[in-house]
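Participant: Quick one, fold the following:
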Amino acid sequence: MLLRELFEAPGKTAVLAFGRLNPPTIGHAKLVDAITAQDGDHYLFLSQTQKPKTDPLDFATKMKLAKQFFPSINIGHQAVRTPVQALEQLQSLGYTDIVFIAGSDRVDGFQKLFDTYNGQPDKSGNIPFKFDSIKVVSAGERDPDADGAEGMSASKMRAAAAAGDLESFAQGAPDKKLAKTMYDAVRKGMGVKDEVPANEILGFARLTPKKATVKKNKEKFDEPTIADKIAARRKAAAKGDKNAWSSKKELNVAEDGTAEIAAMAAVAGLAAPVMTAMIKGAFKTGKGLLKVKKIAHQAGVKLSDKIVK
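Facilitator: Residues are numbered from 1 along each chain as shown. Sure thing, here's the model as predicted:
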């Protein structure tokens, strides 16, 4: 053994993968298995892109779900948005060697990318990362056309969520216990709203919808009505005004009527003489007496002898 080898720190290997996980699937669970099958410290970094149709889950939600689904490895980092940034982050943590896990169809592309950047300066002259070795390894094959859970990709799960198919969506979840939580989060991110109220889904009776109401504006009059004038005179009389009932012309009361008759006429929508005749006829024959009393009550009039004689 060379002398320098005795004093050099042993190499540190980081094993990682980078993915969208929108949403996490059982396919990602197999990716995690491929990561942990390698010797080293294990990481899974997440993209931070968010679009309603293709990336409905935000970064924070993905982080929370991924940590629940895959507790055995280190999940993501807020400062990492790309695979290159993931390697920069790992170099800052002191790692000397990298094993990157990728889909079988992307192994060559990632290997070329990392070899191009490793130890090489960027446009500003900085070297993003420099590792002793970077090896890209296949995570294995996946049959996208397989039946059931085996073929449940993230895109198929998003389609199931958009269609309101929780059963199909749950087939692709790494943990069925969290399927409903993730399903709701995906639908929320996609902007999908349930057409059927939750109380109906649960078997409860439908809530009575609110009735539409039309606000009716109060009618405005240029001049006060007879009823308004009567009310004003009553208020004045209550304050001790002896002349409150003196002017009949202002109230537009017929010569053979009184202020009380005018008030009843206003309530009934009749002329004062007609109201007078109705009152007298009711008390003379007994016909319509109940109606007259009701009008008097609405007008606030007491049927005195002066009125009915």
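Participant: buried residues in stretch 69-89?
Facilitator: 69-70, 73, 75-77, 80-81, 83-89 (16 or more other Cβ atoms under 10 Å). (C-beta placed from N, C-alpha, C; glycine too.)
Participant: what pLDDT, on average, does it get?
Facilitator: What stretch 69-89 shows for mean pLDDT is 94.
Participant: chain center to that stretch, what's the gap?
Facilitator: Stretch 69-89 has its C-alpha centroid displaced from the chain centroid by 30 Å (Cα atoms, centre = their mean, to the nearest Å).
Participant: returning to that earlier point: which members of the buried residues of stretch 69-89 are positioned in strands?
Facilitator: Those of those mapping onto strands are residue 75, per DSSP state E.
Participant: Show me which of the buried residues of stretch 69-89 is closest to residue 166.
Facilitator: Set against residue 166, the nearest of the buried residues of stretch 69-89 by Cβ to Cβ is residue 69 (17.6 Å).
Participant: if I read this right, the closest one contacts residue 27, doesn't it?
Facilitator: No: with contact defined as Cβ atoms under 8 Å, residue 69 does not reach residue 27; the gap is 11.8 Å.
Participant: mind listing the helices in the stretch 201-309 of the chain by residue range?
Facilitator: For the stretch 201-309 of the chain, the helices defined by DSSP state H, counting those that start in this stretch occupy 226-238, 248-251, 259-268, 272-285, 289-299, 305-308.
Participant: possible to save those as JSON lines with mean neighbour count and distance to residue 123?
Facilitator: Shown next, in JSON lines, are the helices of the stretch 201-309 of the chain (neighbours: other Cβ atoms under 10 Å; distance: least, Cβ to Cβ, whole Å):
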{"stretch": "helix 226-238", "mean neighbour count": "15", "distance to residue 123": "85"}
{"stretch": "helix 248-251", "mean neighbour count": "13", "distance to residue 123": "94"}
{"stretch": "helix 259-268", "mean neighbour count": "23", "distance to residue 123": "90"}
{"stretch": "helix 272-285", "mean neighbour count": "17", "distance to residue 123": "98"}
{"stretch": "helix 289-299", "mean neighbour count": "16", "distance to residue 123": "90"}
{"stretch": "helix 305-308", "mean neighbour count": "12", "distance to residue 123": "104"}
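Participant: center of the chain - which residue?
Facilitator: Centroid-nearest residue in the chain, with Cα atoms, centre = their mean: residue 188, separated by 7.5 Å.
Participant: So that residue: helix, strand or coil?
Facilitator: At residue 188, secondary structure determined by DSSP: H, G, I helix; E, B strand; the rest coil is helix.
Participant: and it, what is it in contact with?
Facilitator: By Cβ atoms under 8 Å, 6 or more residues apart in numbering, the contact list for residue 188 reads residue 56.
Participant: Okay, it and residue 55: tell me how far apart.
Facilitator: Noted for residue 188: a distance of 13 Å to residue 55, by Cβ to Cβ, to the nearest Å.
Participant: same check, this time on residue 81
Facilitator: The value you get for residue 81 to residue 55, if Cβ to Cβ is used, is 13 Å.
Participant: Kindly report the same for residue 47.
Facilitator: From residue 47 to residue 55 the distance is 8 Å (Cβ to Cβ).
Participant: Could you check which of these two has the larger neighbour count?
Facilitator: Shown here are residue 47 and residue 55; by other Cβ atoms under 10 Å, residue 55 has more neighbours (21 against 18).
Participant: pretty sure that one is touching residue 21, no?
Facilitator: No: using Cβ under 8 Å, residue 55 is not in contact with residue 21, being 9.6 Å away.
Participant: and for those two, which residues touch both?
Facilitator: Counting by Cβ under 8 Å, 6+ apart, the contacts common to residue 55 and residue 21 are residue 47.
Participant: All the strands of the chain, residue numbers only.
Facilitator: Assigned by DSSP E, the chain shows strands spanning 13-19, 41-46, 74-75, 97-102, 133-138.
Participant: For these, please prepare JSON lines with the additional fields distance to residue 164.
Facilitator: JSON lines is the format used below for those (distance: least, Cβ to Cβ, whole Å):
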{"stretch": "strand 13-19", "distance to residue 164": "26"}
{"stretch": "strand 41-46", "distance to residue 164": "26"}
{"stretch": "strand 74-75", "distance to residue 164": "29"}
{"stretch": "strand 97-102", "distance to residue 164": "33"}
{"stretch": "strand 133-138", "distance to residue 164": "36"}
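Participant: Nearest to residue 193 among these would be which one?
Facilitator: Nearest of the strands of the chain (Cβ to Cβ): strand 41-46, 26.7 Å.
Participant: for the closest one, packing partners?
Facilitator: Judged by 3 or more Cβ pairs under 8 Å, 6 or more residues apart in numbering; DSSP states H and E, strand 41-46 is in contact with strand 13-19, helix 26-36, helix 59-69, strand 74-75, helix 83-92.
Participant: Only C-alpha atoms, please: export that strand in PDB.
Facilitator: Only the C-alpha atoms of strand 41-46 are listed here, as PDB (Å, rounded to 0.1, in the frame of the first residue of the first chain):
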ATOM      1  CA  ASP A  41     -25.700   6.400   0.500                       C
ATOM      2  CA  HIS A  42     -29.100   6.500  -1.200                       C
ATOM      3  CA  TYR A  43     -30.800   9.600  -2.600                       C
ATOM      4  CA  LEU A  44     -33.900  10.300  -4.700                       C
ATOM      5  CA  PHE A  45     -34.100  13.900  -6.100                       C
ATOM      6  CA  LEU A  46     -37.400  15.400  -7.400                       C
END
